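# the sequence isn't on hand, but the structure is:
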């Protein structure tokens with residue numbers, strides 16, 4: 001065979017080899033590029049421009065104890081789907097305290113409605129000797145954490161019993177920082193305290209609450225009406241009020257703590273009342289968390 005023929009054959013062989021290698025590389029790039037795998041596992045699809053969490057993941061509501069500024073312990077509960085969070089809620093626990101399963105039940109229930117919930121441990125240093133300044137300081141720390149560390153702009157506050165009283169006081173101080181407040185069966189809330197709130201506040205009471213006489217609740221409603229601050233419902237005209245709207249709802253034929261008795265509720269009528277309470281709360285949150293007027 002001549003030298004020219006040998007060179008030609010060799011060149012053709014090299015070209016064939018290069019072509020075969022190119023096919024292999026193309027195949028490898030296609031099946032192992034972004035979003036592809038060569039094995040049998042499938043990579044979750046990532047939402048673009050709306051969420052950075054993979055689709056197809058089985059989410060559960062997660063609750064955990066964390067420590068924030070100045071050593072404050074906080075029970076944090078995040079919604080099942082992080083992409084659908086509506087806002088954040090500071091939950092002020094009642095006299096049963098931070099570790100009560102009933103208070104944690106409320107936190108989990110709110111998270112199932114797509115709210116991130118932060119419940120500070122208000123009695124961390126003991127309930128005796130706890131001053132109003134201590135309470136506000138812990139609310140301040142929680143607000144700072146939610147805004148600075150979790151980037152929340154829409155924040156509400158909810159409290160039961162003792163916590164409901166603290167919500168009434170907080171709603172008189174945190175204009176521009178809290179979008180809405182909900183106070184449930186709070187004792188020691190005078191008509192003047194209700195009138196002093198500067199953010200939309202919803203008071204919820206039971207008709208047969210031994211700790212909060214119904215006459216006191218009626219007094220709150222009457223003063224609010226006289227001052228043109230009473231909002232019958234979120235469907236009423238808000239613009240005509242002389243200040244931040246305040247609403248009061250009395251649930252009939254029920255007693256104290258009817259909405260946060262957790263998994264021990266065996267009374268059908270009590271369960272229905274509790275569900276009605278949460279429905280009213282959600283309506284208040286959804287309306288004022290999206291409002292630009294406060």
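All right, it came through fine. Quick caveat, the model's predicted, so the values are computed rather than measured.

# can you show me the strands along the protein?
Ranges of strands in the chain, per DSSP state E, are 62-67, 73-78, 87-92, 115-120, 155-160, 180-184, 201-206, 246-251.

# how many residues are close by residue 171?
28 (other Cβ atoms under 10 Å). Any C-beta I mention is one placed from the backbone N, CA and C, and that applies to glycine too.

# and for residue 278?
Residue 278: 16 neighbours (other Cβ under 10 Å).

# thought residue 182 was touching residue 202?
Yes: checked against Cβ atoms under 8 Å, the pair residue 182 and residue 202 is within contact range at 4.7 Å.

# identify the contacts common to those two.
The contact sets of residue 182 and residue 202 overlap at 281, 284 (Cβ atoms under 8 Å, 6 or more residues apart in numbering).

# so what's the closest residue to residue 132 other than its chain neighbours up against?
Of all residues not flanking residue 132 in the chain, residue 169 sits nearest, at 7.0 Å (Cβ to Cβ, 6 or more residues apart in numbering). Shown in contact with residue 169 (Cβ under 8 Å, 6+ apart): 132, 135-136, 193.

# where does the stretch 1-150 of the chain dip in pLDDT?
1-61, 82, 128 (pLDDT under 70).

# show me where it has helices.
Taking DSSP state H, counting those that start in this stretch to define them, one finds helices in the stretch 1-150 of the chain at 3-32, 101-112, 132-144.

# relative to strand 155-160, how tilted is the shortest one?
This means helix 101-112. Using axes from the mean of the first three to the mean of the last three Cα atoms, to 10 degrees, the inter-axis angle of helix 101-112 relative to strand 155-160 is 150 degrees.

# what about the residue nearest to residue 132, distance to residue 155?
Using Cβ to Cβ, to the nearest Å, residue 169 is found at 16 Å from residue 155.

# neighbours of the closest residue to residue 75 other than its chain neighbours, how many?
Counting by Cβ to Cβ, 6+ apart, residue 119 is the residue found nearest to residue 75 once chain neighbours are left out, at 4.3 Å. The number of residues packed near residue 119 is 28, by other Cβ under 10 Å.

# contacts only, for residue 119.
74-77, 90-93, 98, 103-104, 107.

# and which of these is nearest residue 176?
residue 90 (15.1 Å; Cβ to Cβ).

# the closest one against residue 120, yeah?
Yes: checked against Cβ under 8 Å, the pair residue 90 and residue 120 is within contact range at 7.2 Å.

# same drill for the two, tell me which one is more crowded.
residue 90 (26 against 23).

# tell me who's in contact with the more buried one.
Here residue 90 is in contact with 118-120, 139, 142-143, 146, 155-158, 178 (Cβ under 8 Å, 6+ apart).

# distance of residue 206 from residue 232?
For residue 206, the distance to residue 232 - Cβ to Cβ - is 19 Å.

# so those two - more neighbours on which side?
Set residue 206 next to residue 232 and count neighbours by other Cβ under 10 Å: residue 206 wins out with 24 against 12.

# grab the nearest non-local neighbour of that one.
Nearest one to residue 206, counting by Cβ to Cβ, 6+ apart, is residue 254 at 4.6 Å.

# count of residues packed around that neighbour?
Residue 254 has 23 nearby residues by other Cβ under 10 Å.

# quick check: the gap between it and residue 165.
20 Å.

# one more: residue 118?
19 Å.

# with residue 159 instead?
7 Å.

# more neighbours, those two?
Set residue 159 next to residue 165 and count neighbours by other Cβ under 10 Å: residue 159 wins out with 29 against 21.

# how about the contacts made by that one?
Per Cβ under 8 Å, 6+ apart, neighbours of residue 159: 91-94, 165-167, 182-184, 186.

# excluding chain neighbours, what is closest to residue 222?
Nearest to residue 222 is residue 191, by Cβ to Cβ, 6+ apart, at 7.5 Å.

# is it true that residue 240 touches residue 228?
Yes: at 7.4 Å, residue 240 counts as touching residue 228 under the criterion of Cβ under 8 Å.

# how about the residue nearest to the spatial centre of the chain, what does it touch?
The residue lying closest to the centre of the chain (Cα atoms, centre = their mean) is residue 115, at 2.3 Å. Applying Cβ under 8 Å, 6+ apart, we find residue 115 in contact with 79, 85-89, 156, 285.
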